[in-house]
Each structure stands twice: as C-alpha cells, then as structure tokens.
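In: I'll drop the sequence and a predicted model, then ask my questions.
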Amino acid sequence: MTSEPTAIPEFNSFNLQPLTGSLGAEILNTDLNLASDEEIAEMQQALDHYHVLAIRDQKLEPNTFHKLARRFGPFSGNPVHVPLEGFEDVVRFTRGAEDQGPVVGEQLHMDLAWMKIPPGTTMLYGEEIPPVGGDTLFASLSAAYEGLSDAMRDLIHDLVGVHSGKGVFTLNASHATAFSVKESGQQVEEIETEHPLVCLHPGTGRKHLFISGALCRFVGMTEEESRPIIDYLLSHAQRVEYCCRLRWAPGTLTLWANHCLLHAAINDYSGQRRVVLRSTVAGIPPVAAGD
Ligand SMILES: [Fe+2]
C-alpha cells in the first residue's frame, strides 16, 4: 500500500537546487522568455517531482506571464476572481501598504479544491515584493500520506471527501482592495464536489491525500463523524518535515502542484505593499489511488 518516492529526474535545461528533503526546488540562471519546448517539458517534470518550483529573476509582465502559463497547459477556469483587463486567465492580487487585517489565503488551503477539476498547477509571479515577509508555506500531501501508519491508510483508503464552496465568495469579496470578485461567484457558495481522499499524482503515480480547508465531510458519514478524521489529517499534513517555506523576491515565478499540496500566505508584512500575478493550469479529475 505504500507509495515510494519516484527516482530523482535529471535535467539538461537548467540547474535545480532542492529546498528541503520533502518538497520544493529553486532554479536560477534561466530566462523563461527564451525557454525552449524541452525546457518547459523538463520544468513540468521537475514540478511533478518537487511539487514547488521557484524560478528566480524572471522579467514578466501580464502578457508574457499569460503566454508562459499557457505553455504549461490550458487555463483551469476561475469562477471567483475578475481577471486583469484583456486576459481571461490572469488575476492580479494587490496588498497595499495601508491594508490591514487578514491577507488573501492565509489559512492552509488548496486553490479551488471544490471545482470538479481543480487546477493542477498554480503559477504566481512576484511583481512587487517586500524586502522581508510575505513568504508562502507549502505542505506536501504526498509526504503526509506516506507518513501515515498502515492501519490509518487502510482506514481512509476508500473514503470520498465532500469539498464545499461555502464561505468562499464571502471571504474573497471581503478583500475588496486586493482584487474584484465576479458577481456570478456567489453561486460557488452552493457547490459541493466529491473527490477521493487518497489519490494518485498523474505525472508520477505517487499517492497523496486530497484534503483542504474546503473538505467538510465524507460520503456516507455525518459531519460529526467526519470532523475528527479531517482535523487529524489537516494537522498531520502540517508537520514541519512535510513543509517548505518559500521566500519571494521581485521577479520570482513560483509554480506549484496545487492538487497535492496545501499552501498559505504568511501575514507578516504589515505596512508594506505586495503585488503578484496569478494564473492556474487545468488539471485532471482527481484519480482514486485504487488497490
Ligand atoms: Fe491560494
């Protein structure tokens, strides 16, 4: 029942430095505006293996960011955020120096987990980044799965999670200075989507948990029965050895394998401005791990 980490791939197009023993890697000295098809294919392979890729010192603006994102695959769709004018697939998230209170995405979450086909990859590009603060925390749901006991894996193997969009529109609408929300996004509040709890990564065949803050119960169980299992898995996934903390700089482009990670924006840069571009790449429907 265990899923073993896949062999470490080798890359011809760039040098890659792993960030931790569990997940994350950094790539220096490449210009994605000049990337060959081979380099894009190798980046996808690196992303499949390391789950988080920080590519430093890029020079992107919305149009080149959009073009680059689409080389990784079609747009996933985004029912909530109003895109930048002229683009269907690019959103700008702005946190002004004067903005107070919570930042967008400060709870560990998976982007758009309640969609029938959640994004396979999220891409974020740092336009304006404070000198310190505003890191992103990532937690590997593959490492978390592999850290469970055999008995716990048996217990959860066939569960199917229900992921709810309840609260998503209200939360996003409260960040009025960060971005605009689509009026039709209110419908998201009614969405409930079922995904298998234990899934296979489509690129590597490695197993991972499919959990998020949107997971509200399991099919065939009550919320009261489900909640202790959900809380345990969310807390287990946050063990420090399954996590990677990424420091940003202007020009950093980060790609992450959205469906097998949790991530959180760290709210520690009060009084400073931070601006990022986001696009998302279509995934595939989550695949149950099976036997
Ligand atoms: Fe997010």
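Out: Nice, thanks for sending it over.
In: which residues of the stretch 1-150 of the chain fall in strands?
Out: 15-18, 25-28, 52-55, 91-95, 121-128, 136-140 (DSSP state E, counting those that start in this stretch).
In: Which one of the ones you listed lies nearest to the ion?
Out: Checking the strands of the stretch 1-150 of the chain against the ion by C-beta to the ion gives strand 121-128 as the closest, at 6.6 Å. The way it works is simple: take the backbone N, C-alpha and C, and place the C-beta from them, glycine included.
In: List the pairing partners of that closest one within its sheet, with orientation.
Out: strand 253-257 (antiparallel), strand 274-281 (antiparallel) (DSSP bridges).
In: Adding mean pLDDT, write the strands of the stretch 1-150 of the chain out as a markdown table.
Out: Output for those, formatted as a markdown table (pLDDT from 0 to 100):
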| stretch | mean pLDDT |
| --- | --- |
| strand 15-18 | 95 |
| strand 25-28 | 96 |
| strand 52-55 | 98 |
| strand 91-95 | 94 |
| strand 121-128 | 98 |
| strand 136-140 | 98 |
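In: residue in this structure nearest to the ion?
Out: Scanning the chain for the residue nearest the ion gives residue 105, at 4.0 Å (criterion: C-beta to the ion).
In: so what's that residue up against?
Out: 263, 264, 265 (C-beta atoms under 8 Å, 6 or more residues apart in numbering).
In: Give me whichever of the strands paired with strand 121-128 is most buried.
Out: strand 253-257 (a mean of 25; mean count of other C-beta atoms under 10 Å).
In: returning to what we had before: can you say which of the strands of the stretch 1-150 of the chain is nearest to residue 181?
Out: Ranking those by proximity to residue 181 (C-beta to C-beta) places strand 91-95 first, at 10.3 Å.
In: helices or strands up against the closest one?
Out: strand 274-281 (3 or more C-beta pairs under 8 Å, 6 or more residues apart in numbering; DSSP states H and E).
In: strand partners of the helix or strand just after the strand it packs on, parallel vs antiparallel please.
Out: Once the chain leaves strand 274-281, the next helix or strand it forms, by DSSP states H and E, is strand 287-288. Paired strands of strand 287-288, with direction, are strand 198-200 (antiparallel) (DSSP bridges).
In: Report the contact partners of the nearest residue to residue 156 once chain neighbours are set aside.
Out: With sequence-adjacent residues excluded and distances taken as C-beta to C-beta, 6 or more residues apart in numbering, residue 156 is closest to residue 197, at 5.5 Å. By C-beta under 8 Å, 6+ apart, the residues touching residue 197 are 156, 157, 159, 160, 161, 209, 210, 211, 218.
In: State the distance from the second one to residue 140.
Out: Using C-beta to C-beta, to the nearest Å, one obtains 19 Å as the distance from residue 157 to residue 140.
In: more neighbours, the two?
Out: residue 140 (28 against 16; other C-beta atoms under 10 Å).
In: contacting residues around that one?
Out: Going by C-beta under 8 Å, 6+ apart, residue 140 touches 22, 23, 51, 208, 237, 242, 243, 244, 260, 261.
In: What of residue 180?
Out: By C-beta under 8 Å, 6+ apart, residue 180 lies in contact with 81, 82.
In: Relative to residue 160, how far out is it?
Out: To residue 160, residue 180 is 34 Å away according to C-beta to C-beta.
In: got the contact list for the spatially most central residue of the chain?
Out: For the chain, the residue sitting closest to the mean C-alpha position, by C-alpha atoms, centre = their mean, is residue 258 at 3.2 Å. Contacts for residue 258 (C-beta under 8 Å, 6+ apart) come out as 110, 111, 112, 118, 119, 120, 121, 122, 280, 283.
In: what's around the closest residue to the fourth one other than its chain neighbours, how many residues?
Out: Spatial nearest neighbour of residue 118, excluding adjacent residues (C-beta to C-beta, 6+ apart): residue 112 at 5.1 Å. Neighbouring residues of residue 112 were enumerated by other C-beta under 10 Å; the total is 26.
In: what do you get for the one 3 residues further on?
Out: Applying other C-beta under 10 Å, we find 23 other residues in the vicinity of residue 115.
In: what does residue 38 give?
Out: Residues lying near residue 38 (other C-beta under 10 Å) number 11.
In: Check the residue nearest to it when sequence neighbours are not counted and give its pLDDT.
Out: Once flanking residues are discounted, residue 38 sits nearest to residue 13: 5.9 Å by C-beta to C-beta, 6+ apart. Looking at residue 13, its pLDDT stands at 93.
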